[in-house]
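Asks: Prediction below, plus the sequence it came from.
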Amino acid sequence: MQHNNYITLSNIELQKRIQSKDEKAFRELYDRYWDKIFVICHNRIHNMDVAQDIVQDIFMSLWNHRELSSIQNIESYLYQACKFAVIKEYHKSARYDLLDSSSFGVLDRVEDLDLDEVLEAKFLKDLLQAEVDRLPEKTKIIFNYSRNENLNSREIAEKLNISPRTVENQLSKALKVLRKFINNLNFFVIF
């Protein structure tokens, strides 16, 4: 199969071919995602050489460990690998000045904060937001009104023209899903 034909393959098809050591399929995946992963990494690291090295390592690891059968979404896998690599780089460099307060939105005086706590909180927040984004649309809207806009059940009900009981049921449903998600994480979460 010519390289041009690989462009039309889905990520799942590419993943299967990569498992079979198809270098052209890997090259297509690399071409498809290298720039995206690099931009994310560079926006966090602020060092082009280090960001390039991290992205190269992610793809080398992917090729060298083709156990992709457990990966359900290769794109999500690459983004998660990038996050872990950035966190690892922060730890490795042990330099607070790598962090940019605009990147995390929670840092005012970096030198007064514990790096591990900041990184874990940011990472956990991102994971939780991804889980919230997977909620059914109505549940997600109600949850966001409640948690992000601090509206009570009555206010949400009025805004959406539904009963307060429906709001409470949807919030309960969202919290149940999120609690289960948190319990499945290997983190100890203290609120």
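Replies: Perfect, thanks for sending it.
Asks: Now do the same contact list for the residue lying farthest from the centre of the chain.
Replies: Outermost residue of the chain with respect to the C-alpha centroid, by C-alpha atoms, centre = their mean, is Ser163; its distance is 34.0 Å. With contacts taken as C-beta atoms under 8 Å, 6 or more residues apart in numbering, Ser163 has the following neighbours: Ala157. C-beta coordinates here come from the backbone N, C-alpha and C atoms, glycine included.
Asks: From Leu151, how far off is it?
Replies: Using C-beta to C-beta, to the nearest Å, Ser163 is found at 15 Å from Leu151.
Asks: what do you get for Asp126?
Replies: Applying C-beta to C-beta, one obtains 24 Å for the distance of Asp126 from Leu151.
Asks: same check, this time on Glu131
Replies: Distance, Glu131 to Leu151, using C-beta to C-beta: 21 Å.
Asks: What helices and strands are in contact with the lengthiest helix in the chain?
Replies: Scanning the chain for the longest helix, with DSSP state H as the assignment, gives helix 23-45. Counting by 3 or more C-beta pairs under 8 Å, 6 or more residues apart in numbering; DSSP states H and E, the packing neighbours recorded for helix 23-45 are helix 3-6, helix 11-19, helix 48-64, helix 74-93.
Asks: closest to Arg27 out of those helices?
Replies: The stretch from the helices and strands packed on helix 23-45 with the least distance to Arg27 (C-beta to C-beta) is helix 3-6; that distance is 6.8 Å.
Asks: among the helices and strands of the protein, which has the poorest mean pLDDT?
Replies: Every helix and strand in the chain was compared by mean pLDDT, DSSP states H and E; the lowest is helix 101-104, with a mean of 40.
Asks: how about the longest helix of the chain: buried residues?
Replies: Going by neighbour count (16 or more other C-beta atoms under 10 Å), the buried part of helix 23-45 is 24-26, 28-30, 32-34, 37-38, 40-42, 44-45.
Asks: list the buried ones in stretch 138-149?
Replies: 139, 142-143, 145-146.
Asks: Ile58: which of those residues is nearest?
Replies: Each of these was scored against Ile58 by C-beta to C-beta, and Phe143 proved nearest at 32.3 Å.
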